[in-house]
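**Q** Attaching a predicted model along with its sequence, questions to come.
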Amino acid sequence: MSDKEPKLIYGQGAEACPEGNFCLYRATGFNVGQTPGRGDKILAIPMGAYVNNFSEYGFDHSGDGVSGVVNNTVEDNALFSAANQQGHSLPVDRGTSIANLAAIPMAGSPNGSWNDQAQSALASRFVGNLRVDQELRGHWAEGPGHLYSYRLTMYAEDTRVTRWTVGFGALPGGTSLSKSFIDAFWGEILRNGTDGAVLLGSPAGGGHSVDPGTALPVDIQVVYPDENPAYERLIGLNAQQLG
């Protein structure tokens, strides 16, 4: 087998992902505590390669689905909810990891998250029609907690997006959207952070579309239980085109 071809390996911990690979883990927590050689499957995808269908490697929508991911490459990579790089996409930035995909929200998913839902992957940069960027605008003490302000900016590459969701997850206990944001937001708040994830949607009555050449900014405030440099970047940020 070529070094440039995806391969099934076994291991536990984020460090089990070989350098230069985009690694998909069978279990949450990067397979820690799983049965060696059976429950600790990892699909290692070399940078620049792709996998059209995880089921060919024993990963599917059952308990053998993808539950964690490590991007040990110098490229931004992506997971997809359908085979052949179709469906919704979840960006995984270079040098980052997600220990529990159940903590990352996904609209329309049977379990409400990305856990066991990914079916294909691309170990290189992917630009779909709808994408979202993030920028930390500042942070300060807010009551007993600490408020972080972000600007999420959505872009449409080719076609207008009239219905969308944008979300992120892996939030610590005691986190929530700020009251001022909840009171002012013009769209739908599908998950408010108290369960570890935030999911926002376009207005039920229409409006606030994302058009090619015209970005749509969303200024969002999240109140965490404490101050931590880890909160400066949102985990699992992704936008989904629903219409």
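**A** In hand now; what should we look at? Note that the structure is predicted; figures quoted are calculated from it, not measured. Residues are numbered from 1 along each chain as shown.

**Q** Specify which residues of the protein, grouped into ranges, have pLDDT under the cut-off.
**A** Within the chain, the ranges that satisfy pLDDT under 70 run 1-3, 60-63.

**Q** what do you get if the cut-off is 50, keeping everything else the same?
**A** The model of the chain has pLDDT under 50 over residues 1-2.

**Q** Please parse it into its domains.
**A** Per automatic domain parsing, the domain ranges recorded for the chain read 7-122, 130-241.

**Q** Please work out which of those domains is packed deepest.
**A** Scoring the domains of the chain by mean neighbour count under mean count of other CB atoms under 10 Å gives domain 7-122 as the most buried, with a mean of 19. Yep, even glycine has a C-beta here, placed from its N, CA and C like the rest.

**Q** Just the terminal-to-terminal distance for that domain.
**A** Domain 7-122 stretches 14 Å from its first residue to its last (CA to CA, to the nearest Å).

**Q** And stretch 76-95, by the same measure?
**A** End-to-end distance (CA to CA), stretch 76-95: 8 Å.

**Q** and if you look at stretch 184-202?
**A** Distance between the boundary residues of stretch 184-202 (CA to CA) amounts to 14 Å.

**Q** For that stretch, give me every contacting residue.
**A** When contacts are defined by CB atoms under 8 Å, 6 or more residues apart in numbering, stretch 184-202 is touched by residues 103-105, 107, 113, 162-173, 175-177, 182, 203-204, 207-209, 218, 220, 222, 242.

**Q** change it to 6 Å
**A** 103, 105, 163-169, 171, 175-177, 203-204, 208 (CB atoms under 6 Å, 6 or more residues apart in numbering).

**Q** swap in stretch 92-110?
**A** Contacts of stretch 92-110 (CB under 6 Å, 6+ apart): 14, 28-30, 67-71, 74-77, 113-115, 117, 165, 167, 169-170, 191, 196-197, 199, 236, 240.

**Q** Which ones among those map onto helices?
**A** The helices, defined by DSSP state H, take in nothing from the contacts of stretch 92-110.

**Q** Among those, which are located in strands?
**A** Gly68, Val69, Val70, Asn71, Asn77, Thr165, Gly167, Gly169, Arg191, Leu199, Gly236, Gln240 (DSSP state E).
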